[in-house]
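J.: Show me how the following folds:
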Amino acid sequence: MVRPRRARSRSTTLAVVALAALALVAGCGDDDGVTLVPGDASGGGDTGETEEPGVPAGESDDGDVCSLLTAAEIEPVVGNPVADGEAQFTNCSWVGPEVEDVNVTLSVQELVEDVVTCETMRQQSPGAEDVAGLGDGAWFEARGTGSFSNSDLWTCIGDHIVYVGLAGDRDPQSMRDASETLMRSVLDRL
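T.: Numbering: from 1, shown residues only. Below is the predicted model:
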């Protein structure tokens, strides 16, 4: 089934551009073992190597961001099935089979001093709410209602910025709750 493309908000587009630029500047990894690009050059999340589901990126053989969550962990949180994570540049996406399903995107990026910082990323979401208890400074922004909504949850931890984005047919509060639950799982593994 071909899925219709969804329009992105200005803040989401700016964030995606910033993360792509960050990936170019940051290179392939950092000194604490978190790899910033997938191990499989074909763009898929599966490198053919055996790895334990849900193993932190710094501890798996290929180290890609898709190893931070599994479809089995995501499904009960979002309330629908999702395919295994698919690596896309430095992001990983888990997509449901139906248009109205909640889809999840995860990104872990190294911050770049004076270029991409938590402060510059936070400024891209002036209407976002601060979230306590997640990393060194987290913020959440929800857009849309009714049949489709987006939620963006960002946090900084050490010298990285972590993004969990959800899009689908759910109310904003359930999207926020799901985002926070998934973010906690990711932070526990970094």
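J.: Please make it C-alpha for all contacts and neighbour counts, starting now.
T.: Noted.
J.: what ranges do the helices span in the chain?
T.: In the chain, the segments counted as helices under DSSP state H are 10-26, 71-78, 118-123, 172-189.
J.: what about Val131, how many neighbours?
T.: Neighbour count of Val131, defined by other C-alpha atoms under 10 Å: 15.
J.: The one 4 residues further on too?
T.: Gly135: 18 surrounding residues under other C-alpha under 10 Å.
J.: In contact with the residue lying closest to it once chain neighbours are set aside: list those residues for me.
T.: With C-alpha to C-alpha, 6 or more residues apart in numbering as the criterion, Gly135 has its nearest non-adjacent residue at 5.0 Å, and that residue is Ile157. Contact analysis of Ile157 by C-alpha atoms under 8 Å, 6 or more residues apart in numbering lists 135-137.
J.: Quick check: bridge partners of Ile157?
T.: Taking DSSP bridges, one obtains His160 as the residues bridged to Ile157.
J.: ok, the closest residue to Asp101 other than its chain neighbours - contacts?
T.: Nearest-residue entry for Asp101: Gly168, 5.3 Å, with adjacent residues in sequence omitted and distances by C-alpha to C-alpha, 6+ apart. Residues in contact with Gly168 (C-alpha under 8 Å, 6+ apart) are 99-103, 147-150.
J.: got the buried residues for stretch 182-190?
T.: Buried residues in stretch 182-190, defined by neighbour count with 16 or more other C-alpha atoms under 10 Å: 182-183, 185-187, 189-190.
J.: Same list (these) but as TSV, adding pLDDT and distance to Gln124.
T.: Shown next, in TSV, are the buried residues of stretch 182-190 (pLDDT from 0 to 100; distance: C-alpha to C-alpha, whole Å):
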residue	pLDDT	distance to Gln124
Leu182	98	22
Met183	97	20
Ser185	96	25
Val186	96	23
Leu187	95	22
Arg189	92	27
Leu190	88	25
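J.: of all those residues, which comes closest to Ala83?
T.: Closest to Ala83 out of these is Leu182 (16.0 Å), distances taken as C-alpha to C-alpha.
J.: circling back: and the residue nearest to Asp101, how far from Glu113?
T.: For Gly168, the distance to Glu113 (C-alpha to C-alpha, to the nearest Å) stands at 34 Å.
J.: What of Thr90?
T.: Separation of Thr90 from Glu113 (C-alpha to C-alpha): 19 Å.
J.: More neighbours: which of those two?
T.: Thr90 (23 against 9).
J.: Can you give me the neighbour number for Ser151?
T.: Neighbours around Ser151, by other C-alpha under 10 Å: 26.
J.: Compute the number of surrounding residues for the residue nearest to it when sequence neighbours are not counted.
T.: Excluding the flanking residues, the one nearest Ser151 by C-alpha to C-alpha, 6+ apart is Ala142, at 4.4 Å. Residues near Ala142, counting by other C-alpha under 10 Å, number 21.
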